[in-house]
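Predicted model follows, preceded by the sequence.
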Amino acid sequence: MEQLNLLRVKEKVAAHQITLETLIENGWRIYDPSSKLLIDEFTFNNQIVSTAKGLDPYEALQAIEDRTESIVKQSKQTGSSYGARLQPYEHSITRDYYVRGTPGFEQAEIYTLSGDWNAAADLWKKETENNDPKISSKACYNLAILNERNNNLVLAMDWATRAYSHYQTKKIAEYIEALKYRQQQNELIILQQSEPFSSK
């Protein structure tokens, strides 16, 4: 390492180098005190690598700067991330539905564009009895979308499952998984809001 000598001139001298790897693992768990169930868990793992040189190992260790500050900074960032996780936010979801296949679908599209979703639903329900499994599947799928739009995820899942039983497509399978995820998120929210948490 370079060091100033007695003449204040830089010269290279033998040195020790120390590298510290600090592993950080922290997180939070939230429990429901009445049922003793784990409601939410958030863990964070990171590492900080610090390097410094000195004439001896102790001096090299003393030369490492900002290690404590870096650990505190990482912990604060983790806390902020968890706070953002708990903070309510609005999330828009866009869904496509079928508008072609029979005159009933085309008329239903006119109703939906004018905001008369109930009239569209009546036409789709008629199409669920269509002899063509592809058409009946599309009608069931549209009814699933409508019920999701009305925040009835149970009925939406029922219609989506019927759609898949009539005609199995990747699109319907992915939609069913999306509905399952939404149901799980809703159940988590209900569980989090059902009981006040104890500070003990």
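Great, that's in hand.

When you work out contacts or count neighbours from here on, use the C-alpha atoms and nothing else.
Will do.

Same question for the top helix by length along the chain: list its buried residues.
If you go by DSSP state H, the chain has its longest helix at helix 170-194. Across helix 170-194, burial judged by 16 or more other Cα atoms under 10 Å covers 172, 175-176, 179, 192.

Which strand or helix spans Ala156?
helix 153-166 (DSSP states H and E).

Show me what that helix is packed against.
For helix 153-166, the packing partners by 3 or more Cα pairs under 8 Å, 6 or more residues apart in numbering; DSSP states H and E come out as helix 133-149, helix 170-194.

can you put the ones you listed in CSV and add mean pLDDT?
Shown next, in CSV, are the helices and strands packed on helix 153-166 (pLDDT from 0 to 100):
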stretch, mean pLDDT
helix 133-149, 96
helix 170-194, 85
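
will you turn those helices into a markdown table that also has distance to Ile24?
Shown next, in a markdown table, are the helices and strands packed on helix 153-166 (distance: least, Cα to Cα, whole Å):
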| stretch | distance to Ile24 |
| --- | --- |
| helix 133-149 | 42 |
| helix 170-194 | 28 |
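
Which of these sits closest to Lys76?
In this view, these are compared for proximity to Lys76 by Cα to Cα, and helix 170-194 is the closest at 23.7 Å.

can you give me the angle the closest one makes with helix 133-149?
Inter-element angle recorded for helix 170-194 and helix 133-149: 20 degrees (by axes from the mean of the first three to the mean of the last three Cα atoms, to 10 degrees).

Domain map for this structure?
Following automatic domain parsing, one gets these domains for the chain: 2-86, 103-194.

picking up where we left off before, which one of the buried residues of helix 170-194 is nearest to Tyr98?
Tyr98 has its nearest neighbour among the buried residues of helix 170-194 in Ile172, at 12.0 Å by Cα to Cα.
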